[in-house]
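Chemist: Could you look at this predicted model? Sequence included:
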Amino acid sequence: MKKINITIFTGGSGCTELIGALNNLNLKTGKVKLNLIINGYDDGKSTGLIRDIIPGILGPSDFRKNCQNLLQVDQDIEHENFKYFLNLRLKDFYEYKDLVNYFKYRSKKLVIKFKEIENLNWNKYLKCANTFLIFDKYIKKKSVKQKKIRDIAVGNILFAGLYLQNGNDFNLALEKYLKLFELDNIIYNVNNGENLFLSGISECGNIIRDEASIVNNDKKYKIFDIYLTKKKLDSFQIKKINGLRNFQNKVDYLNKLHVKAKLNKKLEKIIKNTNVIIYGPGTQYSSLYPSYLTSGLSKIIQRSKALKIYIQNIVKDKDIVKENTSSLINKFNYYFNQKKYKNEKSKNKFIDYYFCHQSDQDDINLKGRNKYLFDNLNKSKKYLKFDWEKAQGKHFPNLVLKKIFQLINQSAFEKKFKQYTSLSIIMPCLNESKTLKKVLDRISKFEFNDADLTYEYIVVDGGSTDSSIKIAKKFKNIKLYSLKNKQRGESIKYAIKKSKGDIIAIFPTDNEYEINDLQKLVREVYYKNSKAVYGSRLIKCLNLSKQIKKVYKNNILGHAISKYGGMLISFFTLFFYNRYVSDPLTTLKCFDGEMYKKLNLVSKGVDYDLEQFAKLSNNKIYISEIPVNYNSRSFKEGKKITIFDGFKCIWALLKYKFIKN
């Protein structure tokens, strides 16, 4: 299996999920070389403060954010401490001085306050301390006012210190920055380190004075063009531009100020050796288009033999609020051709495939559908439209990567990537308003401790008449589907169809099971490659009668039917399928997603579970049983299973043994 070299044009957060997935894949295989290309024209908040204090420095924030994305906090405790250090924000001068004094004197009080930094490797701690104090010495020399030091990221201060330490060479400072975190040769500045500033003009002639204003775009202008200038537009220039008679005069004036950014020489070799170029989603007019404007970049990419993929935004950022897919592609082409509109053939030199998102119109938790980017591209073989959203606006990167591996015909990688990277948790619901909030609160915080998985949470309501839907709508990270008059099996089947995870877990919303037990089932699939795992309520049950009595109270007949009926079903699993399963009706289960979708289950009610068992058995798939804790409830509390469900289950075992496969 050859190593794949993947280059991504990105900003600070638009490709977070995709970069994380590729980074995890590299940890598993050692066969991915990742290159991130970023521009440093950011000048908002903490970065703007750094650029204001140190004339000549580009913005470090997007480089810092991508360092954070690449740090493996689940794998390395030092990376966890580094992530804390990079993201720590000092709200004012007094917090800043606390950190300065910590590095200088390390008093007991301050050691406790900054304990994560204290836990760094000693050599790295000294480098961080020395670099931070270089910055402090600089602001003292420049007599920077105390009130200027506010809401500033420590990671940006560290970068600024390295910039000062390395002769005001931005790209060299970036190399040192990455080396400190053991992320050498991954992140690159697109230009040669020259300090440039970003501005723009809207279609209605309003001047957008800086990068921060482009990102925020509070007045929802449609942006006409962007410009790179050697100095930030000042009030005098803006007043002069606004005084010009017509729109074209304003554009001409800004074009005279515009300078061509010079390419970082290292990128020629990187792009030449890359297998896949990804133009990532993100803030187009600040994070991506300015990078494409770099002189010489287009020629290198045109010569590249790499597969070139354009990934569309899922939702509209503020800078593209009045754009559509077609207009964004046209602007992409315009900036790559150094502000010249060229014909359709020109686009084909830069893009081989378009990945366009198709939103799930059935998910009722997707609010503000007008926020989704309207896709108006003409359909073709190069145009791939699919749903890669795990929650509103959140990417499900595994699906994107699988498509990429298919396109470059890397079956070995595709197979490797099937080693579980994502988990779909399916939760059928019917009139569970008493327990639903508690279950969703807990499930939203669920994390499989042993690996970095992408999570997808799916609630399918079968037609509740209580407030279940209203409760579920409050959880924005959950995909919510509302069906009418559907039974448990139908709801689960629908959720399976919608799910995207490599692993599929079914978890009930009745609060009878514990979230922690889900860890055990996922671990069985993830580590032991079990294809089907049932959470058995009976393996560790010391008093079955007590559990059943809680459900049926003084109903002796119901108690007896439930107890011995359950035993009978388990007996039938052994008698007809030669497999004894202690608890086939458990509603806590976990499966290999690809295998499970091939079962083609059709039962509608509780008999769905026995059809599931029968087809697993018929396909010779071993079922593991893991003991789980269980707290039964009464019919008054919401219990729904009846004696008729029991008869349906027995019939399902007979039917799929002797009649249907």
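Modeler: That came through fine.
Chemist: Residue 114 reaches residue 106, doesn't it?
Modeler: No - the pair residue 114 and residue 106 fails to qualify as a contact (C-beta atoms under 8 Å) at a distance of 9.2 Å. Quick note: C-beta positions are derived from backbone N, CA and C, even for glycine.
Chemist: which one of these two has more residues nearby?
Modeler: With neighbours defined as other C-beta atoms under 10 Å, residue 114 and residue 106 compare such that residue 114 has more, 18 against 12.
Chemist: Low-confidence ranges, the stretch 251-400 of the chain, go.
Modeler: 342-348 (pLDDT under 70).
Chemist: So which residues of it form strands?
Modeler: Per DSSP state E, counting those that start in this stretch, the stretch 251-400 of the chain has strands spanning 276-279, 307-311, 353-357, 383-386, 389-391, 394-395. These are given in chain order.
Chemist: Can you give me the buried ones in the fourth one?
Modeler: In other words, strand 383-386. By neighbour count on 16 or more other C-beta atoms under 10 Å, the buried set for strand 383-386 is residue 384.
Chemist: Please compute how far it lies from its chain's middle.
Modeler: Its chain's C-alpha centre and that of strand 383-386 lie 19 Å apart, by C-alpha atoms, centre = their mean, to the nearest Å.
Chemist: That strand: partners in the sheet, and parallel or antiparallel?
Modeler: Within its sheet, and counting by DSSP bridges, strand 383-386 is paired with strand 353-357 (parallel).
Chemist: how deep is residue 177 tucked in, by neighbour count?
Modeler: 24.
Chemist: got it, and residue 5?
Modeler: Neighbours of residue 5 (other C-beta under 10 Å): 18.
Chemist: again with the one 4 residues further on
Modeler: The number of residues packed near residue 9 is 24, by other C-beta under 10 Å.
Chemist: go on, the one 3 residues further on?
Modeler: With neighbours defined by other C-beta under 10 Å, the count for residue 12 comes to 22.
Chemist: Then residue 529?
Modeler: Residue 529: 10 surrounding residues under other C-beta under 10 Å.
Chemist: next one: residue 523
Modeler: 18.
Chemist: phi, psi of it?
Modeler: Its backbone dihedrals place residue 523 at phi -60, psi -40, with angles given as degrees, to the nearest 10.
Chemist: Find the least confident helix or strand in the chain, judged by mean pLDDT.
Modeler: Of all the helices and strands that make up the chain, helix 544-552 has the lowest average by mean pLDDT, DSSP states H and E, namely a mean of 45.
Chemist: so where's the stretch 501-650 of the chain shaky on pLDDT?
Modeler: Judged by pLDDT under 70, the stretches of the stretch 501-650 of the chain that qualify are 539-572, 574-575, 632-647, 649.
Chemist: Strand partners (parallel or antiparallel) of the helix or strand containing residue 199?
Modeler: Secondary-structure assignment from DSSP states H and E places residue 199 in strand 197-202. Sheet pairing for strand 197-202, assigned by DSSP bridges, gives strand 207-208 (antiparallel), strand 223-229 (antiparallel).
Chemist: Quick one: closest of the ones you listed to residue 294.
Modeler: strand 223-229 (9.2 Å; C-beta to C-beta).
Chemist: For that closest one, give the mean pLDDT please.
Modeler: What strand 223-229 shows for mean pLDDT is 97.
Chemist: Next secondary structure element downstream of it?
Modeler: Under the assignment DSSP H and E, the closest C-terminal helix or strand after strand 223-229 is helix 235-242.
Chemist: what's in contact with that following helix?
Modeler: Contacts of helix 235-242 from elsewhere in the structure, counted by C-beta atoms under 8 Å, 6 or more residues apart in numbering, are 207, 209, 250, 253-254, 257.
Chemist: what comes up buried for that helix?
Modeler: Using 16+ other C-beta under 10 Å as the test for burial, helix 235-242 gives 237, 241.
Chemist: Give me the distance between that helix and the centre of its chain.
Modeler: Averaging C-alpha coordinates over helix 235-242 and over its chain gives two centres that are 41 Å apart (C-alpha atoms, centre = their mean).
Chemist: ok, now stretch 437-451?
Modeler: Computed by C-alpha atoms, centre = their mean, the chain-centroid distance of stretch 437-451 equals 16 Å.
Chemist: average model confidence for that stretch?
Modeler: Taken as a whole, stretch 437-451 has an average pLDDT of 85.
Chemist: repeat for stretch 87-103
Modeler: What stretch 87-103 shows for mean pLDDT is 93.
Chemist: Not counting it itself, show me its contacts.
Modeler: Looking at stretch 87-103 with C-beta under 8 Å, 6+ apart, the contacting residues turn out to be 46, 68, 107, 110-111, 113-114, 117, 128-129, 132-133, 136, 146-147, 149-155.
Chemist: These in strands, which ones?
Modeler: Cross-referencing the contacts of stretch 87-103 against strands under DSSP state E gives 152-153.
Chemist: Of the contacts of stretch 87-103, which count as buried by neighbour count?
Modeler: Judged by 16+ other C-beta under 10 Å, buried ones among those: 46, 68, 110, 114, 117, 128-129, 132, 136, 149-150, 152-155.
Chemist: Nearest residue to residue 6 in space, please, no chain neighbours.
Modeler: Spatial nearest neighbour of residue 6, chain neighbours left out: residue 276 (4.7 Å); criterion: C-beta to C-beta, 6 or more residues apart in numbering.
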